[in-house]
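> what would the 3D arrangement of this be:
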Amino acid sequence: MTQEQVPVKALCSHAQTVNVGSGTFCQSCGKRVVRAKSGHYGAFSGRESDLVQQIKKTLTLNRVAVFRIGQWRADKSGSDEGVPDLMLCYDGRILMMEVKVKGGNPSVTQQWLSGEGYSVIVWSLDEAVDACNLHLGTEIKL
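Sure thing, here's the model as predicted:
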């Protein structure tokens, strides 16, 4: 099954999607399209913490300020569940990013935040870079 054949669920009412790099967005409102729970093809297959470190290193080298705000175990850390993993700042803009790996599914709160345009959900370094280029105006190339 190719990536184009993977069923998607838009969290907006428009249902007009466009692929931007390895991400899919609504053409009408720009909201991120969340892939169905059947899996995300092309997803990073290691640990989430390893992917977060790759994203932080790549973005920091490209002058994006990266802050880890979400916690791995919100129930043990005292932070609220569903808070995105990263806050990215570049040229006066802020983007919240939830990082997932192969087999991981966003919580209801994370899907809502993404659907409302407050954050993006990424499953790979490529998607993280695409989201920064789209939402922050960076020009990062891998």
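
> residue contacts, the residue lying closest to Gly70 once chain neighbours are set aside?
For Gly70, ignoring the flanking residues on the chain, the nearest one in space by C-beta to C-beta, 6 or more residues apart in numbering is Asp85 at 4.0 Å. C-beta coordinates here come from the backbone N, C-alpha and C atoms, glycine included. Residues near Asp85 by C-beta atoms under 8 Å, 6 or more residues apart in numbering: Glu48, Val52, Arg68, Ile69, Gly70, Met97, Glu98, Val99.

> biggest helix in the chain by residues?
In the chain, taking DSSP state H as the definition, the longest helix is helix 48-61.

> and it, what does it pack onto?
In terms of contacts (3 or more C-beta pairs under 8 Å, 6 or more residues apart in numbering; DSSP states H and E), helix 48-61 is packed against strand 65-68, strand 86-90, strand 93-99, helix 125-135.
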